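**Q** Okay, here's the prediction I keep looking at, along with the sequence it came from:
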Amino acid sequence: MTATPQVSRPAVPGVTPDPVNPLLPSPEPIRMLDETGHRVAADYAEPPVETLREMYRRMVVGRRFDAQSTALTKQGRLAVYPSARGQEACQVGGVMAVRDSDWVFPTYRESMALVSRGIDPVEVLTLLRGDWHCGYDPAALRTAPQCTPLATQTVHAAGVAYGEAHQGRDTVAMVYIGDGATSEGDFHEGVNFAAVFKAPVVFLVQNNRYAISVPLSRQTAAPSLAYKGIGYGIASEQVDGNDPVAVLAVLNRAVEHARAGNGPFLVEAHTYRVEPHTNADDASRYRDGAEVQAWLSRDPIARLEAYLRAEGAIDDAAVAAINEEAETYAAGLRERMNAEPEVDPMSLFSHVYATPTPQLAEQRDQVRAELAAAEDEGDS
């Protein structure tokens with residue numbers, strides 16, 4: 001019988017590693033800042049203060065982008081917008097932990113992560129405006145299209161990561177998933193494939209407590225979602241998803257683990273979706289205001305700001321400058337999104353099939369003829 005490979009786990013202060021279950025995550029979510037921004041001891045390398053300052057900047061700009069996108073939805077400029085307010089540490093931490101040459105696989109809620117990765121915000125919102133399936137070039141930006149079906153991107157990430165490793169590249173795939181996605185079959189397939197073939201994937205599970213309206217308690221009886229990794233034989237960890245320092249520190253280690261050829265890594269980030277599921281959701285039907293207020297007191301931006309101020313890394317002037325940058329960013333987005341997009345009706349038939357079918361060609365010719373007839377009628 002072949003022995004099961006053992007994956008070493010980081011030591012946790014005050015906890016004796018279990019020699020029988022080395023894949024177990026830490027018994028409590030890793031935390032490096034308390035809710036007031038004071039340092040907490042943890043067995044993880046703290047990111048440099050310059051990196052944390054940049055993380056703070058991206059989180060502030062990202063939150064302003066998120067608020068502006070929500071407003072654009074109310075103004076009819078977007079068909080729908082799933083807000084990530086409250087999840088800024090995870091959104092920004094995930095893209096900061098990887099290189100530009102690595103791949104990122106987002107869900108529909110990762111618009112903030114994409115703009116933090118440097119993708120044009122208008123191109124990010126193209127899908128949510130309904131103009132096109134994806135507004136940016138996935139291959140050029142090493143960023144997959146935002147995925148609406150739950151968990152299907154886990155399979156894509158596992159395949160791409162395996163292919164990159166097979167070709168001798170040290171690429172890592174960072175795949176964002178929500179707690180609801182862990183209940184899907186595609187999650188099992190993606191994680192199991194990555195585990196068996198040691199694909200360099202980091203599965204970042206943002207546990208924001210609800211799969212639309214379904215609470216976590218109705219999805220799993222596991223102590224935490226991080227424990228799902230044990231069944232696949234992969235290293236796992238859980239982290240306070242509203243602690244930006246801990247999120248980045250844990251993800252840095254997870255990426256290093258995957259890049260070194262040790263296989264995939266599953267990270268569960270305990271966080272909270274402050275806004276409704278989307279603008280079409282009435283969250284008051286399944287949660288009360290007191291719960292939301294309790295999580296607002298754990299604001300990741302305020303937490304990191306308090307820490308950086310204590311470290312002397314930012315002051316009032318720096319905070320004001322970053323807020324001004326965020327307002328300028330939002331104003332530019334608002335102006336560009338208020339311009340009517342130029343849409344070519346014939347693009348409906350592009351990229352449906354590599355070789356158009358006779359039926360598609362017939363439909364394309366019919367639309368072309370109708371457009372020509374309308375143009376002739378307008379000229380007469």
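**A** Nice, I can see it.

**Q** pLDDT below threshold where in this protein?
**A** For the chain, the stretches with pLDDT under 70 are 1-22, 380.

**Q** can you pull out the strands in it?
**A** For the chain, strands defined by DSSP state E occupy the ranges 103-105, 173-178, 201-207, 210-211, 214-215, 235-240, 265-270.

**Q** what about those strands, which gets the closest to residue 31?
**A** strand 235-240 (4.4 Å; C-beta to C-beta). From N, CA and C alone the C-beta is placed, and that goes for glycine too.

**Q** Identify the residues contacting the closest one?
**A** Contacts to strand 235-240, defined as C-beta atoms under 8 Å, 6 or more residues apart in numbering, come from residues 7, 9-10, 23-26, 28-31, 224-230, 246-247, 250, 253-254, 257, 262-270.

**Q** Quick check on those: which are buried?
**A** The neighbour count (16 or more other C-beta atoms under 10 Å) marks 7, 9-10, 23-26, 29-31, 224-230, 246-247, 250, 253-254, 257, 262-270 as buried among these.

**Q** For residue 374, which of the strands of the chain is the nearest?
**A** Checking these against residue 374 by C-beta to C-beta gives strand 103-105 as the closest, at 41.0 Å.

**Q** Please state the offset of the closest one from the chain centre?
**A** Offset of strand 103-105 from its chain centre (C-alpha atoms, centre = their mean, to the nearest Å): 9 Å.

**Q** what residues does it touch?
**A** Residues outside strand 103-105 that contact it (C-beta under 8 Å, 6+ apart): 94-95, 98, 113-114, 117, 142-144, 147, 153-154, 156-157, 160-161, 164, 171-176.

**Q** quick revisit: can you pick out the ones from the contacts of strand 235-240 that are in helices?
**A** Per DSSP state H, helices hold the following members of the contacts of strand 235-240: 228-230, 246-247, 250, 253-254, 257.

**Q** Tabulate these (JSON lines), appending distance to residue 104.
**A** Shown next, in JSON lines, are those (distance: C-beta to C-beta, whole Å):
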{"residue": "228", "distance to residue 104": "22"}
{"residue": "229", "distance to residue 104": "20"}
{"residue": "230", "distance to residue 104": "26"}
{"residue": "246", "distance to residue 104": "20"}
{"residue": "247", "distance to residue 104": "15"}
{"residue": "250", "distance to residue 104": "17"}
{"residue": "253", "distance to residue 104": "18"}
{"residue": "254", "distance to residue 104": "14"}
{"residue": "257", "distance to residue 104": "17"}
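
**Q** buried set for stretch 164-172?
**A** Buried, per 16+ other C-beta under 10 Å, within stretch 164-172: 164-165, 171-172.

**Q** How about stretch 294-305?
**A** Going by neighbour count (16+ other C-beta under 10 Å), the buried part of stretch 294-305 is 295, 298-301, 303-305.

**Q** Mind checking which of these land in helices?
**A** Judged by DSSP H, the buried residues of stretch 294-305 include 295, 300-301, 303-305 as members of helices.

**Q** Closest one to residue 90 out of those residues, please.
**A** Nearest member of these to residue 90, counting by C-beta to C-beta, is residue 300, at 8.5 Å.

**Q** Surely the closest one touches residue 242?
**A** Yes. With contact defined as C-beta atoms under 8 Å, residue 300 reaches residue 242; the gap is 4.5 Å.
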